[in-house]
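> Turn this into a model:
(one chain, ligands or ions: 2)
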Amino acid sequence: MEERVKPLKSFLSRRSFLGKSLAVGAGTMGAGFLATTLAAQVSDANSRGGLTRGDADILRFLAAAELIEADLWQQYNELGGIQDPEVPGGTGNPAYTAALQVLDGDMNQYIHDNTDDEITHAAFLNAYLASKGAQPVNLDQFRTLPSSQATGAQQIGRLTNLMQLTVDTSWWTRYRSDNKNPDFGDTFRQAIEGLSMGQFPAIPRNNGDLTPPDHLQAIANTAGFHFGFIEQGGTSLYPSLAQRVTHDEALRILLSIGPTEAMHFQTWHDKAGNAPPLTDPTNGLVFPDLNSPPFGGEEFQTNLIMPEPTIFLSRAFPIVSIVRPTETDGAAMAALNALTADGLFIGQTPAFFALLTELARAADHARHGG
Ligand SMILES: [Fe+2]
Ligand SMILES: [Fe+2]
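Residues are numbered from 1 along each chain as shown. Ligands and ions are numbered 1, 2, ... in the order given. Here you go, the predicted model:
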């Protein structure tokens, strides 16, 4: 309850129109009526929004993150998803689609639906910002990166680069640990160490990438682990930032979108475990058998996809099954840094990094009532 009272108090002290009503009311009405009027106005202002600067900054960073997600998922869908009017643009690449379906026969449907979800996340957040008189986020001027030249991709400028990824796969062991938590400063082993050290395509760069078969399968496997990387990030980002929004409606938005990222993550976590063990003959990238020594066990076994209970807040508490990390301090900048380290922005301009850094900085500056 305490947490819910604080924002209301700061809201009351901040809104100048309430101060005005108080002054007028005090001269003409009794205290009981005044209290009723005040309560009605607070509830009306709450339902209308009246975004604080901090709430707008948090929603703007999330809108930018969703535009980035939508751009990368769109590229996956054009080549490996289902082509339909709901997510238009591509014509599909049968060989890449088939390689993805080695992980699950429904991969094309899941890719399509994840893409559709991200497009709506971005559009909703921007529309909501605009409805409150706040500035929405437009990254169109940065859609300059090249498309894949492989059959199926449309030839347009992109925000993100899926062809030189360095995929952090430590989320795999992070969600399997029962005694470590990144919010305690703990670090985690990679599932696919090779992916964390080089630069690899997650989509075919051109039709030359469609053979030999183990090369194309390595690209599809890379995508499979990248899907998990992206969506575990969203799974942490929303609860991390929700701790600092002020208004009920902004909180409701974050609490309603965030868990859909977790639904995506859970699906991709399951599918990544089906990536077949192999070595890419063109570059030596190894996907080990995660169920056999030296792997396997609690840290690597592929069907351990439910979040293992672990330490939370204090080691004095019993372990608990949770999303991790959820530390709010610096959460937006941490997300931006993770996406940058992933290689998604290779080729982007300094102006792009400046804008994204400013959006993250503003979101991390936001405080309850700020
Ligand atoms: Fe999203
Ligand atoms: Fe997402």
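
> can you tell me which residues contact A275?
Taking CB atoms under 8 Å, 6 or more residues apart in numbering, we find A275 in contact with 102-103, 220-221, 224-225, 287. Quick note: C-beta positions are derived from backbone N, CA and C, even for glycine.

> Then F124?
Each residue near F124 by CB under 8 Å, 6+ apart is listed here: 253, 257.

> Could you check how far it is from ligand 2?
13 Å (CB to the ion, to the nearest Å).

> Without its sequence neighbours, what residue ends up closest to the residue of the stretch 51-200 of the chain found nearest ligand 2?
At 4.8 Å from ligand 2, E69 is the closest residue in the stretch 51-200 of the chain, using CB to the ion. Nearest residue to E69, sequence neighbours excluded (CB to CB, 6 or more residues apart in numbering): E118, at 4.2 Å.

> Likewise for W73?
T115 (3.9 Å).

> Might one say that the residue of the stretch 51-200 of the chain closest to ligand 2 is in contact with D116?
No: taking CB atoms under 8 Å as the definition, E69 is not a contact partner of D116, at 11.6 Å.

> of these two, who's got more company?
The neighbour comparison of E69 against D116 (other CB atoms under 10 Å) goes to E69, with 27 against 19.

> pLDDT wise, what is the residue nearest to E69 at?
Listed pLDDT for E118 reads 98.

> quick one: buried residues of whichever strand or helix holds it?
Element membership for E118, per DSSP states H and E: helix 107-131. For helix 107-131, burial by neighbour count (16 or more other CB atoms under 10 Å) applies to 107-108, 110-119, 121-122, 124-126, 128-129.

> Output the residue of the chain whose distance to ligand 2 is smallest.
At 4.0 Å from ligand 2, G234 is the closest residue in the chain, using CB to the ion.

> Would you verify that G347 is located in a helix?
No: in this structure, G347 is coil, not part of a helix, as judged by DSSP: H, G, I helix; E, B strand; the rest coil.

> How many residues are close by T282?
Using other CB under 10 Å, T282 is surrounded by 14 other residues.

> Tell me how many other residues crowd the closest residue to it other than its chain neighbours.
Leaving aside its chain neighbours, T282 sits nearest to H215 (4.8 Å; criterion: CB to CB, 6+ apart). By other CB under 10 Å, the residues close to H215 number 21.

> so what's H215 up against?
The neighbourhood of H215, defined by CB under 8 Å, 6+ apart, consists of 209, 280-282.

> Kindly reformat these as CSV containing pLDDT.
As requested, these are exported to CSV (pLDDT from 0 to 100):
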residue, pLDDT
D209, 98
D280, 98
P281, 98
T282, 98
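
> Those, buried ones only, as a ChimeraX selection?
What follows is the ChimeraX syntax selecting those of the contacts of H215 that are buried according to 16+ other CB under 10 Å:
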select :209,280
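
> Could you find the closest non-adjacent residue to the residue in the stretch 1-150 of the chain that ligand 1 sits nearest to?
Of all residues in the stretch 1-150 of the chain, H121 sits closest to ligand 1, at 3.8 Å by CB to the ion. Distances taken as CB to CB, 6+ apart place E66 nearest to H121, at 4.1 Å, with adjacent residues excluded.

> Around ligand 2, pick out the residues from this structure.
Residues of the chain found near ligand 2 (CB under 5 Å from the ion) are 69, 231, 234, 261.

> give me the subset of these touching ligand 1.
Among the residues of the chain next to ligand 2, proximity to ligand 1 is found for E69 (CB under 5 Å from the ion).

> Format the residues of the chain next to ligand 2 as CSV; extra columns: pLDDT and distance to L313.
Output for the residues of the chain next to ligand 2, formatted as CSV (pLDDT from 0 to 100; distance: CB to CB, whole Å):
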residue, pLDDT, distance to L313
E69, 98, 29
E231, 98, 24
G234, 98, 22
E261, 98, 22
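
> and of the residues of the chain next to ligand 2, the nearest to A338?
When these are ranked by distance to A338 (CB to CB), G234 comes first, at 11.1 Å.

> Just list the residues touching that closest one, thanks.
Listed by CB under 8 Å, 6+ apart, the contact set of G234 reads 65, 69, 258, 261-262, 264-265.

> can you pull the contacts of T279?
Contact analysis of T279 by CB under 8 Å, 6+ apart lists 214, 218, 285-287.

> repeat that with 10 Å
194, 214-215, 218, 285-288 (CB atoms under 10 Å, 6 or more residues apart in numbering).

> One more: P259?
Applying CB under 10 Å, 6+ apart to P259 gives the contacts 234-235, 238-239, 323.

> One more: A130?
A130 neighbours (CB under 10 Å, 6+ apart): P136.

> those helices in this protein, which residues are they?
Here the chain has its helices, by DSSP state H, at 2-14, 16-28, 31-48, 53-80, 94-100, 107-131, 171-174, 213-242, 248-272, 297-300, 331-341, 350-365.
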